[in-house]
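# Structure for the following, please:
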Amino acid sequence: MKILRVIARLNVGGPARHVVVLDRGLRARGHDTRLVHGSLAPFEASLEHLAVEARLPTTPILELGRRISPISDVRAFAQLVRLVFREAPDVVHTHTAKAGTLGRIAAGLFNLTRRRRRRCLVVHTFHGHVLDGYFRPAASRAVRLVERTLAHITDRVVAISPAQREDIVTRFRIADPARTVVVPLGLDLAHLAAVDAGAAHLRARFGIPDGALVVGYVGRLVAIKDPATLVRAFAHVAETRRDAMLLVVGDGPLRADVEALVAALGLHTRVRMAGWVEELAPLYATIDVCALSSRNEGTPVALIEAMAAGKPVVATRVGGVADVVEHGDTGLLVPPQDPAALAEAILRLAADPAERARMGAAGRRGIAARFSPQRLVDDIDRLYAAALAEKRSPRRG
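Now for the predicted structure:
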């Protein structure tokens, strides 16, 4: 099959890693893939080198970024239309909201000009949870209306967790249940599965004493991640545990706000703002407890990575988090926007090294298989083959 994959940008995060793993695996099976991506937003770090290292054919469209801009979006759409008509792919698979909008409309226009046997399969994957919590209420309603409209020209909608599928199908009625499938993320986790007590770490690099208890956050500093709740929770932790440190790994538009809150709470000696860190195995070797305070999530990649490295996690029970973390077994789940509850859960693990070790070991078991590249490629390859045959069948009504 000839496959055109479209994503807004290859920034640090799960979607970029996911699409590179997917195209690399599909090319190894003989499929012809092309990865289309836009430019990075400010504060974002790049993973474009992963596509280069995997020798993936790519087409950059600079205007296809995250930010909404009518002029740039029209230019990006025009380039996508030209590309789709030139490539005449068997599959157009879009990832992330803006790329999903422009890419699916371009594919729809292409299909209008082709006989059934030459039309492309249109697939879209929801990664983050753009349907609720990302925008103000009026904007969220508009996003849901757009997604419902786009679903009519989408042959398969892919959710990355059962909870996300429930939202897409039942809660917000975005897409037909028969055309909405769950395909979990696929990630390279082997290097994290090798992390143990003797693994190299980054404590000296960030000025963290060897004996400190490190609470780690890994992700973008944006509103949906609610880093303020984490900082406020850590303020409670710091009062009880004099050895506790908070390591914030990532960047984003809220970085200055986070730094101001850290200063206001008198935590400047207890918090390290690390920015983006590419060395994932040493990073997770540095962390004792991985924390996430999001208001919503699709599938939290940082928690999957932490569990693969044998680390216990504390997270808010939102979106697809509970599909990854089993409360009381592999981590602890708390209500969103509740610093006291988050602090209590962190302190529970801080006080019990044996419990941390037990949860870390339980999380590590099976996580690599659940989110393996091989499983992802198998799932998507089967989906493409079956859905494309159905779409092009002369018996299709």
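
# Just the strands from the stretch 251-397 of the chain, written as ranges.
271-275, 289-292, 313-316, 331-334 (DSSP state E, counting those that start in this stretch).

# Distance to Arg116 and mean neighbour count for those - can I get that in TSV?
In this view, the C-beta of every residue, glycine as well, is placed from N, C-alpha and C. Shown next, in TSV, are the strands of the stretch 251-397 of the chain (distance: least, Cβ to Cβ, whole Å; neighbours: other Cβ atoms under 10 Å):
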stretch	distance to Arg116	mean neighbour count
strand 271-275	51	18
strand 289-292	46	28
strand 313-316	46	28
strand 331-334	47	24
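
# possible to save those as TSV with mean pLDDT and distance to Ser372?
Formatted as TSV, these follow (pLDDT from 0 to 100; distance: least, Cβ to Cβ, whole Å):
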stretch	mean pLDDT	distance to Ser372
strand 271-275	97	28
strand 289-292	98	20
strand 313-316	98	19
strand 331-334	98	20
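
# Distance to Met359 added to these, as JSON lines?
Formatted as JSON lines, the strands of the stretch 251-397 of the chain follow (distance: least, Cβ to Cβ, whole Å):
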{"stretch": "strand 271-275", "distance to Met359": "24"}
{"stretch": "strand 289-292", "distance to Met359": "9"}
{"stretch": "strand 313-316", "distance to Met359": "8"}
{"stretch": "strand 331-334", "distance to Met359": "6"}
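
# now for the ones you listed, which one comes closest to Gly100?
Nearest of the strands of the stretch 251-397 of the chain to Gly100, taken as Cβ to Cβ: strand 289-292 at 24.6 Å.

# List the contacts of the residue nearest to Asp379 when sequence neighbours are not counted.
Closest residue in space to Asp379, ignoring its immediate chain neighbours: Val183 at 4.8 Å, by Cβ to Cβ, 6 or more residues apart in numbering. Contact analysis of Val183 by Cβ atoms under 8 Å, 6 or more residues apart in numbering lists 125, 158-160, 376, 379-380, 383.

# Of the residues you listed, which qualify as buried by neighbour count?
By neighbour count, with 16 or more other Cβ atoms under 10 Å, those hold 125, 158-160, 376, 379-380, 383 as buried.

# still on that earlier bit, how close does the residue nearest to Asp379 get to Leu35?
Noted for Val183: a distance of 18 Å to Leu35, by Cβ to Cβ, to the nearest Å.

# And Pro162, by the same measure?
27 Å.

# Between those two, which has more neighbouring residues?
Neighbour comparison, Pro162 and Leu35: the larger count goes to Leu35, with 25 against 12 (by other Cβ atoms under 10 Å).
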